[in-house]
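>>> next input, structure requested:
(chains A, B, C and D)
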Number of protein chains: 2
Amino acid sequence: MARWQPDPTRRLVVAALELFEERGYENTTVIEIAERAGLTKSTFFRHFPDKREVLFGGETMADLVAKGIAAAPESATPLEAVAHALDTIGRAAFPPDRRAFGARRQAVIAANPELREREALKGLRLTASMIDALVRRGVPDLTARVAAELGALAWKIAYERWSDTSGDDEFGAAARRALRDVREASSAC
Amino acid sequence: MARWQPDPTRRLVVAALELFEERGYENTTVIEIAERAGLTKSTFFRHFPDKREVLFGGETMADLVAKGIAAAPESATPLEAVAHALDTIGRAAFPPDRRAFGARRQAVIAANPELREREALKGLRLTASMIDALVRRGVPDLTARVAAELGALAWKIAYERWSDTSGDDEFGAAARRALRDVREASSAC
DNA sequence: GCAGTGACGGGACTTGCTCCCATCACTGTA
DNA sequence: TACAGTGATGGGAGCAAGTCCCGTCACTGC
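Here you go, the predicted structure:
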């Protein structure tokens, strides 16, 4: 018999999400999460640097976006490069079967200030990563900052729509629509 | 003789900033901050909800921006309303004699992940507040979100320039220039 | 003179998080 | 078959953040 059950990281995430839904983030102890996953506190902190991160670990969106922007055709404008990146990400990190998980995760995050704070930090990282990738393409600094900010907003809107709706959209389509909407709105400011 | 020294909140902020500069945020204990201010841990947590907040408390930028947007002339476009708000804030919350403090504060925040995280949350609050104020003016939701995002970026750039430079600019002027730059950049995306 | 009031001191307690060491199924090698 | 690594986990000591509750005492108004 195997010494340990497989995929401890995933088990911790599932246990945490369940407990946060049942009794709220702040009424849940790291020890309780670990126990439900059949592990201990020590092991929890070997898989995640802190309690909040259990809902944010895994695929780092910032890296994916940076790669996507770098891979965009050279002729693309800044926002077109961002669109290319969002499209790539949709295929890589948001398969349709993860939508239900995404919706539950979003609800838990929205209900807790600490988790919203961590989400805000991830947003900053995403933006910083986009700025960096755009500057590497030769985009002027200020233009890159604006394009990244608009791209991050589009990403946020797309993720909201994708996880909230019960339709059968894929993330890429939602992202394209969101970016188009953001573009239109920015010319109406 | 008075029972307590005056302005305990300010004394705590000053003590915290000094200690963070001397030995770093994470090598500084709440007890140490309180002791340098001539107080105790209990009193610290009566003035601030947590350790991070000691550098973010006080004038809440989100409220000021909301008031500034609401007070803008009715004919103003979304971004003009934002400009009006930034201008008002400059006069109210960023007198020239606070620039040195602002620069020290920024350096400490930049050096620590926890403080950057809190700053990111404040940024979200600022944006949310701007969106709300714009929607109240009848601005469509998506337009409001984009204008708020651009406004928040302008605010950030203005604060960076204002606290970093040794010139004699006032915050309002820096904000106007930043918003104009952001506007130009957004049409180059 | 005298009973509130309210800011502060102080200590007990929970929990997040770190560190260090022991355990033991699995691995490759002789 | 034997045997010394390896590496993920268990477990416990310890520190600091943050909460709670209660006592203290200069100030206040009557």
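
>>> okay, CA-based contacts and neighbour counts for the rest of this
Noted.

>>> check the residue nearest to the spatial centre of chain A and give its pLDDT.
Centroid-nearest residue in chain A, with CA atoms, centre = their mean: A:Met61, separated by 5.5 Å. pLDDT for A:Met61: 86.

>>> where does chain A come near chain B, residue by residue?
A:77-79, A:116-118, A:120-121, A:124, A:142-143, A:146-147, A:149-150, A:153, A:181-182, A:185-189 (CA under 8 Å from any CA of the partner chain).

>>> swap in 7 Å and give it another go.
Contacts of chain A with chain B, taken as CA under 7 Å from any CA of the partner chain, map to A:77-79, A:117-118, A:120-121, A:124, A:142-143, A:146-147, A:182, A:185-186, A:188-189.

>>> can you show me the helices along chain A?
A:8-23, A:30-36, A:41-47, A:61-70, A:78-93, A:99-110, A:113-136, A:141-164, A:171-186 (DSSP state H).

>>> let me have these in a markdown table, extended by distance to B:Ala100.
Converted to a markdown table, the helices of chain A look like this (distance: least, CA to CA, whole Å):
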| stretch | distance to B:Ala100 |
| --- | --- |
| helix A:8-23 | 43 |
| helix A:30-36 | 42 |
| helix A:41-47 | 40 |
| helix A:61-70 | 33 |
| helix A:78-93 | 36 |
| helix A:99-110 | 36 |
| helix A:113-136 | 25 |
| helix A:141-164 | 25 |
| helix A:171-186 | 35 |
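
>>> to DNA strand C, which of these lies closest?
For DNA strand C, the closest of those is helix A:30-36, at 4.3 Å, according to CA to the nearest atom of the strand.

>>> the closest one and DNA strand D, any residue contact?
No - Helix A:30-36 lies apart from DNA strand D when judged by CA under 7 Å from any atom of the strand; the minimum separation is 7.6 Å.

>>> kindly export that helix (C-alpha atoms) in CSV.
In CSV, the C-alpha atoms belonging to helix A:30-36 read as follows (Å, rounded to 0.1, in the frame of the first residue of the first chain):
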residue,chain,number,x,y,z
VAL,A,30,-5.4,25.7,9.2
ILE,A,31,-5.4,22.6,11.4
GLU,A,32,-9.0,21.9,10.4
ILE,A,33,-8.2,22.2,6.7
ALA,A,34,-5.2,19.9,7.1
GLU,A,35,-7.2,17.3,9.1
ARG,A,36,-10.0,17.2,6.5
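
>>> ok now that helix, how far from the chain's centre?
24 Å (CA atoms, centre = their mean, to the nearest Å).

>>> same question for stretch A:85-97.
Worked out by CA atoms, centre = their mean, stretch A:85-97 lies 11 Å from the chain centre.

>>> leaving out the residues flanking it, which one is nearest to the residue nearest to the centre of chain A?
Leaving aside its chain neighbours, A:Met61 sits nearest to A:Leu126 (6.7 Å; criterion: CA to CA, 6 or more residues apart in numbering or on different chains).

>>> my guess is the one you found contacts A:Asp63. True?
No - at 8.2 Å, A:Leu126 does not count as touching A:Asp63 under the criterion of CA atoms under 7 Å.

>>> if you count surrounding residues, which of the two has more?
Using other CA atoms under 10 Å in any protein chain shown, the more surrounded residue of A:Leu126 and A:Asp63 is A:Leu126, with 24 against 14.

>>> how close does that one get to A:Ala85?
In this view, A:Leu126 and A:Ala85 are 12 Å apart by CA to CA, to the nearest Å.

>>> got the buried residues for the helix or strand bottoming out on mean pLDDT in chain A?
Across the helices and strands of chain A, the lowest-confidence element by mean pLDDT, DSSP states H and E is helix A:78-93, at a mean of 89. Using 16 or more other CA atoms under 10 Å in any protein chain shown as the test for burial, helix A:78-93 gives A:78-90.

>>> now do it: distance to the chain's middle.
13 Å.

>>> try stretch A:87-99
11 Å.

>>> distance across it, terminal residue to terminal residue?
Terminal-residue distance, stretch A:87-99 (CA to CA): 16 Å.

>>> repeat that for stretch A:161-173.
11 Å.

>>> run through who's touching it.
Residues outside stretch A:161-173 that contact it (CA atoms under 7 Å, 6 or more residues apart in numbering or on different chains) are A:Leu86, A:Asp87, A:Gly90, A:Arg91, A:Phe94, A:Pro96, A:Arg99, A:Ala100, A:Gly102, A:Ala103, A:Ala174.
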